[in-house]
Each structure stands twice: as C-alpha cells, then as structure tokens.
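Asker: Structure, please.
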Amino acid sequence: MFRAGLLIAILLPVLGAAQTSAPRTPSVAAGVEQVRLGDSVTPLVGPWKFHTGDDPAWSQPGFDDSSWSEMDMTPPTNPKHPSQTFPLPGWTARGYPGYTGYAWYRLTIDVQSSGRHLAVKMPDSVDDAYQVFVNGTQIGQFGKFNGRSVTAYATLPRAYTLPRDLTSGKMTLAIRLWMDSATPFSSPDAGGLHGPPMLGYSRDIAGEIRLDFDDIAHFVGSGFLESLILIMALLMAAALYWLDPHEEAYFWLALVCLVTLLGNSVVLLANFTTPMGQTETAIMSDVLATPIRIGLWVMFWAYWFRLPKLHRIHGIAWALVALLSIGTLMLRPPLYGQKIPVQASSILLPTLMVLKLGLGVLLVVVAYMGFKRRKAEGGLAAAAIILAFVANFQRELRLIHIALNTTVFGFRVSLGTISTILSLLIITIMLLSRFVRSQRLQEQWRLEIEQARSIQHVLIPDQLPAIKGMRIRSEYHPAREVGGDFFQILPLDDQGSALIVVGDVTGKGLQAGMLVSLIVGAIRMAVQQSTDPSQILSMLNEQLAEREHASATCEILRISPEGAVTLAHAGHPPPYLNAIEIHMEGALPLGMIAGIGFPSQSLQLQPGDELTLISDGVAEAQDSHGRLFGFDRVQEMMKQRATADEIATAAKKFGQADDITVLQIKWQGQSASVALAAEPQLAAH
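Answerer: This is a model prediction of the structure:
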C-alpha cells in the first residue's frame, strides 16, 4: 500500500503541469535547464546527474558533475492513453541493480519568474529518505538522518520553500537519497526518485500538496470503512463473549478483529503521518500482524466448529506463525542486508511462501473437519472461510494475476478489504444465530433446573415432622442450583418410631437432582415393605445397580419410642453420638454391585443424647490454600455443643466445594425398661 497507492498521487500534478506549464527550452550552456514559470508548476525532468555514494561537497553549486551519469525524469506514458503517465523505475532498474545506501541527484536550472516566493515539491514516491539542497543550503528533509543511522518513513507529499532571495536566475538543486537494504525486497525497481520534482510558486505548490493528500484519501479511504466494520465486529464479539463465556469462538473472533484493526491502523497512520519509521511499520504490519491474523483465523474456525484435539491445532498453527514471523523479520530492516546477507533471500522467499501456504492448508483442513461435524452451517461458513482466505493471501493471489483492486465512487477498494468486510458480515449473522440458539437452550435448562429445584424442595422437607421424644434440627446447603445430598425423616407409627435417612448421590447438578428424586421415591416404596435399615438399603441397591452411572452413599437409622436405634450405612460417613464417632463396619456405596448386603448396628439412647449425621461436603470443604475443613474440626465443634446451623455455616465459610448436610437428633424420651450401661452399647446384626 505504501508504494502502489502513489500512482494516482503522481498523475494529477504531472498531468496538470504538463498541460498548463510554460514551455521549457534547454539552455545553451550544457547541463543547465531553463525554467520559465507562469501560473503553474513545472516538473523538473532534467536529465538529472546521478552518482552513488555520499559526499557533502556534492551539494555545492560549483561542483563539477560532468562525469556523473544522467537520469531522465520524464515519466513513461501509457501507449493507449498518452496523457496517462506511470511512476519511473528506480535506480536498481536503471543500471544500478542491487545497490543500496546513499546516492545523489543534481540539476542546475535557470529560472525565469515574476519574483514571487518559490518552492520545490518532491515526488510522492521516493526510496527511502532524502535531503534537499539549493545552492549548497539544505531546505528540507524527509526522514531522520542521525549520523550513521537513517530513519525512513513511508513517503508522503512534501514541499520545501526556497530562500526568499532565490526567486530567479541560475540555481543548483541537489537531492541526497538513502535507501535501506531491505527495500528492494518490496519493490523490484526500487531506488531513489520515482518521479520528477516540481518547481513553482509557493501558493501553487501548496495546492498540489492538497490534491496529493486528497488522492491518498481516495486511495486508502476504504481502509477507514474496513476499520469501522472491524470495530463494530470487535465490540459485538466481546459483548457476546461477556454474555456467554463458555462459547470460546467469540473470544477468538474478538482477537481476529483486534489484530486486523491494529494492522490496518498502522497502514493508515503511515499514509498520513509519521508516528513511526518505515522499519517499525514493516515490523508491526508484515512481521507481527499478518502472520498472527492468519493464525487467529485458524483458531477461530477450530473453536467455532468445536473440533476435538484443539491442543494439536494450537501447536501446529502457532509454530507456523512463529516461523513465518521470524523469517519475515529476517527480510526486513535492520536485519536484512546487515545481519542477514542479501543472497539469503533466494532461500528465505520460497520458504516463507511455503510456511504461509501451510497456514492456508491448515485453515482448509480445519474447515473440512468442521463441515463434517456441523453440516448445517456448511454453506455460510464455507463462504466466510473463502473470503477470509482471499483477505489474507493477497500477495499470493497477485502471482496468479487475479485483479486485486477496483474503484468505487472514486475510491480505490482492494479485494482484501471487500473480502474482510463480507466475511465479517457473514460471521456476524452466524454469531447472532448461534447466540440466539444458545440463549434459548440456556432458558430451557434454566426452566428444567427450576423445576428440579421445586421437586427437590418437596422431597427435602423445609418443615421437619414432630416426633415424640425427639428434637431434630437440619441444615442443607447445595453447592449448585440442584443438590446431590438428601435426607428424609419418616414417622413410622403413632407411638414415636421414626426412620431417618441421609445420603449423597454421585455427581452434581441436574443429573444428581434427578437421581435424588429416584432414590427418595424408592425409599418411600421400600418402607411400605420393610422398616429394617439393612433391607431398605438392599432394595435401593438393586434398583440403582440396574442403571448406569447411578450410585450413592446412604445412612439409615430407625429409632423406637424407647430410644433403641438400629442403623445401617452404604459408604456414608458414620454418625456421631455425643461428639464421638460411631465406629461401623465398612460398606460399598449403593449401586456399585448388585446382590450385596449392608451391615447394621444397634444402640440405646439415653435422655439428652445427641446424634449428628453429616455428609462428606462438611469435612471436604476447602479453603483457598487447599486445606480441608476435616473431620477433626467437625468433631471439635460438636464437643463445644455447636448446633447444626453453626457447623454447616462454618464449613460453608471455610470454602464450600460440595453439598453440605447436617442433621442433629436429640433424644428427650425415657430410657428403656432394661437398664443399660452409661456408654452406648453397639450390637452388630
């Protein structure tokens, strides 16, 4: 863009000058060009004297340049349209192939004017930096000349006023040029001036500068439209990712838009201002933005299609991006021509093409795999991918003679810009469609979870039944909307007997909640056949063993009106009696193996005794450092006569990681008629 766009910028001034300038006749004295100024500007076509190398004395008017070679600055014309001219080839195509560094142009002119203030307008295409001298005095420069180093910028329209005492007569113009060693890589005819400087009155030259900037605006104006579309797509992708962070494709599209926008901004700034040198611009645009943008496109489509083994695609894509960036950097200043020999381009150029095409092949493979997985989106996605490919492989398409530019309403529009805009529009339609489907699905899940919570509220009692001789307290805190813990308190008769069930199903969320519903229903059915805890567990085990991925820990206690307790468990944490853990025989969870039995034990409660049943979510609460709440802390709180609410709240504040259930039963009835020892007696069945 830095060079091809300067064609139009050169044409209007040259044509206007050719049509309106006063005729020029060569001076009788050899090497002196006569210039007669009217109300116009005059192109200084020369022939100019040219010499490679550098010497400050070459700016002086008295220097003898008769031995220098000559370069005619008359722009070539279009054979079909003689009024149309083209940029001049540089010195690499005019007898100095491969030469980079300093060179000088000199021209002696004899000006006939009305005595008004004069100015010199430089060509809009120059490689790469220059200084302008008139009669040995520097009147301007473009670029920074810092001793041994030179900072060049993408060429912009520039004009420099002559000293006020130089209004007519003989004067010598000298232009000191510097070209970087990497510039021939981007243009095969690089080097020096690509058009004639122009001389005229300051007012007329200022008008030409305005016209040139207007031409540049028409040349790169479509870039502003593309940037606007990119900003809109970036904001939309970021908003969708914020609303639905589980869809990572939104995140990768936002990165694509951001990197493309940054690359475009660098190019646009370089066409109007000089915020950074030509080297920095090339690094930002060619070395970083272009390879990374292609890699991001690959990853966006990989995530869009939700392909498996994304880590492999990541590895291949970013390895190619890294190699492409490194190789491109080797063909750009300050490495190329200084650290990297010029001859290395014969190896680097084909290697870089292979690497870039490798990214293109990877994009095609990702698209093919995606179409196989998600055929419904194949049509729109195929169009968007083709357009993205065209937008990122402009140089390669130029090799097969595909027209890359067109003009719309006077503005030059590149095929890459059109492809990017259309691709983003198609992707926007696809994004919004997927987002709407996702929101509908989430709303459906929300309703299903809400229904599951409602069912669970029915199954897990908020109001505990009143049972004679007992005071029961419960605390239940699910880790998610739908929990996997459950408990039931079932009165068995009017005399005060009760069946107490506590359990924890495997898993979390909606699936766990549905399993809880199944188990609670099965418990109520089993109680109609038997009130023995071991038999109830066996019946539950048979029902769960018939299902896949259905298992649970469970603990059942039957308490008689006299305080006699029969308890059995299936892998659940044992209960505590007066803050002392009851030792029980080990048992597997429900649903693991069909046909197994579950051991039971019995004990006798005394008035004031307290049974505490907990789920493993209490002891497994975990703080930010990975430390567990632990059974020891649970037992210590019980010794301090902590209530169910205090135990559950302490575990939750410590760092809840699972459902938390705490059930406390305080026996207040009379002891059995048979005297028992002070310590509870346990008997195995």
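
Asker: Could you use CA atoms for every contact and neighbour count after this?
Answerer: OK.

Asker: following the helix or strand that Val259 is a member of, which helix or strand comes up?
Answerer: Per DSSP states H and E, Val259 falls inside helix 248-272. Using DSSP H and E, the helix or strand that follows helix 248-272 in sequence is helix 278-282.

Asker: Report the mean per-residue pLDDT for that next one.
Answerer: For helix 278-282, mean pLDDT rounds to 80.

Asker: And stretch 116-136, by the same measure?
Answerer: Mean pLDDT, stretch 116-136: 92.

Asker: Can you report how many residues lie near Arg596?
Answerer: Quick fix: residue 596 is Ile, not Arg. By other CA atoms under 10 Å, 14 other residues sit near Ile596.

Asker: my read: it touches Met539, true?
Answerer: No - contact criterion CA atoms under 8 Å: Ile596 and Met539 do not qualify, at 10.3 Å.

Asker: burial count for His194?
Answerer: Neighbour number of His194 under other CA under 10 Å is 25.

Asker: what residues are up against it?
Answerer: Contacts for His194 were tallied using CA atoms under 8 Å, 6 or more residues apart in numbering; they are Pro87, Leu88, Pro89, Gly90, Pro123, Asp124, Ser125, Val126.

Asker: same check, this time on Lys144
Answerer: Residues near Lys144 by CA under 8 Å, 6+ apart: Ala129, Val150, Thr151, Ala152.

Asker: Mind doing that once more with 10 Å?
Answerer: If you count contacts by CA atoms under 10 Å, 6 or more residues apart in numbering, Lys144 has them with Ala129, Tyr130, Gln131, Val150, Thr151, Ala152, Tyr153, Gly277.

Asker: thinking the first one is in contact with Gly143, fair?
Answerer: Yes - the pair Ala129 and Gly143 qualifies as a contact (CA atoms under 10 Å) at a distance of 5.1 Å.

Asker: Common neighbours of these two, please.
Answerer: By CA under 10 Å, 6+ apart, the residues touching both Ala129 and Gly143 are Val150, Thr151, Ala152, Tyr153, Ala154, Thr155, Trp178, Gln278.

Asker: Okay, and the beta partners of Gln34?
Answerer: According to DSSP bridges, the residues that bridge with Gln34 are Asp110.

Asker: Could you check how far it is from Val45?
Answerer: Gln34 sits 11 Å away from Val45, going by CA to CA, to the nearest Å.

Asker: more crowded one of those two?
Answerer: Set Gln34 next to Val45 and count neighbours by other CA under 10 Å: Gln34 wins out with 22 against 17.

Asker: Now do the helix holding Val259, average pLDDT.
Answerer: So the average pLDDT for helix 248-272 ends up being 88.

Asker: in it, what counts as buried?
Answerer: Residues of helix 248-272 classed as buried: 249-268, 270-272 (neighbour count, 16 or more other CA atoms under 10 Å).

Asker: same check, this time on stretch 44-62
Answerer: 44-52, 58-61.

Asker: now swap in stretch 178-198 and tell me
Answerer: By 16+ other CA under 10 Å, the buried positions in stretch 178-198 come out as 178-184, 189-198.

Asker: Show me what stretch 366-385 is in contact with.
Answerer: Contacts for stretch 366-385 (CA under 10 Å, 6+ apart): 297-308, 313, 360-365, 386-391, 419-420, 422-427, 429-430.

Asker: Among these, which are located in helices?
Answerer: 297-304, 313, 360-365, 386-391, 419-420, 422-427, 429-430 (DSSP state H).

Asker: Selecting buried members of those in PyMOL, what would you type?
Answerer: Buried residues within these, by 16+ other CA under 10 Å, are selected in PyMOL with:
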select buried, resi 297+298+299+300+301+302+303+304+313+360+362+363+364+387+388+389+390+391+419+420+422+423+424+426+427+430
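
Asker: Distance of Ile209 relative to Leu193?
Answerer: Using CA to CA, Ile209 is found at 17 Å from Leu193.

Asker: what do you get for Pro575?
Answerer: From Pro575 across to Leu193, the span is 93 Å (CA to CA).

Asker: next one: Met369
Answerer: Met369 is 51 Å from Leu193, where distance means CA to CA.

Asker: Give me the neighbour count for Thr42.
Answerer: Thr42 has 29 nearby residues by other CA under 10 Å.

Asker: And Tyr153, by the same measure?
Answerer: Tyr153 has 25 neighbours, counted by other CA under 10 Å.

Asker: so who does the closest residue to Gly571 other than its chain neighbours touch?
Answerer: Spatial nearest neighbour of Gly571, excluding adjacent residues (CA to CA, 6 or more residues apart in numbering): Pro589 at 4.6 Å. With contact set as CA under 10 Å, 6+ apart, Pro589 has these partners: 503-506, 537, 541, 551-555, 569-572, 598.

Asker: Show me which of the residues you listed is closest to Ile660.
Answerer: Closest approach between the contacts of Pro589 and Ile660, by CA to CA: Asp504, at 9.7 Å.

Asker: Report the secondary structure element holding the closest one.
Answerer: Using DSSP H and E, Asp504 maps to strand 498-505.

Asker: in that strand, what counts as buried?
Answerer: Ala498, Leu499, Ile500, Val501, Val502, Gly503, Asp504, Val505.

Asker: Can you give me the distance of the first one to Arg473?
Answerer: Between Ala498 and Arg473 the distance is 15 Å, computed by CA to CA.

Asker: ditto for the third one
Answerer: Distance, Ile500 to Arg473, by CA to CA: 12 Å.

Asker: Find residues that contact each of these two.
Answerer: Residues touching both Ile500 and Arg473 (CA under 10 Å, 6+ apart): Leu663, Ile665.

Asker: What is the three-state secondary structure of Ile209?
Answerer: On the three-state scheme (DSSP: H, G, I helix; E, B strand; the rest coil), Ile209 is labelled helix.

Asker: which residues touch the spatially closest residue to it that is not a sequence neighbour?
Answerer: Nearest residue to Ile209, sequence neighbours excluded (CA to CA, 6+ apart): Pro157, at 6.0 Å. Contacts for Pro157 (CA under 10 Å, 6+ apart) come out as 6, 9-10, 121-125, 142, 208-213, 216, 271-272.

Asker: Drop anything exposed from the residues you listed.
Answerer: Buried among those (16+ other CA under 10 Å): 6, 9-10, 121-125, 142, 208-209, 211-213, 216, 271-272.

Asker: so what's the residue nearest the centre of the chain closest to, chain neighbours aside?
Answerer: The chain has Leu255 as the residue nearest its centroid, 2.7 Å off, counting by CA atoms, centre = their mean. Excluding the flanking residues, the one nearest Leu255 by CA to CA, 6+ apart is Leu296, at 7.0 Å.

Asker: so the one you found makes contact with Trp318?
Answerer: Yes - under the criterion of CA under 10 Å, Leu296 makes contact with Trp318 at 9.0 Å.

Asker: So for the two, which residue has more residues nearby?
Answerer: A direct count of neighbours by other CA under 10 Å for Leu296 and Trp318 places Leu296 higher, at 23 against 19.

Asker: Roughly how far does the more buried one sit from Val259?
Answerer: Distance, Leu296 to Val259, by CA to CA: 9 Å.

Asker: and if you look at Thr108?
Answerer: Thr108 is 49 Å from Val259, by CA to CA.

Asker: next one: Ala206
Answerer: For Ala206, the distance to Val259 - CA to CA - is 37 Å.
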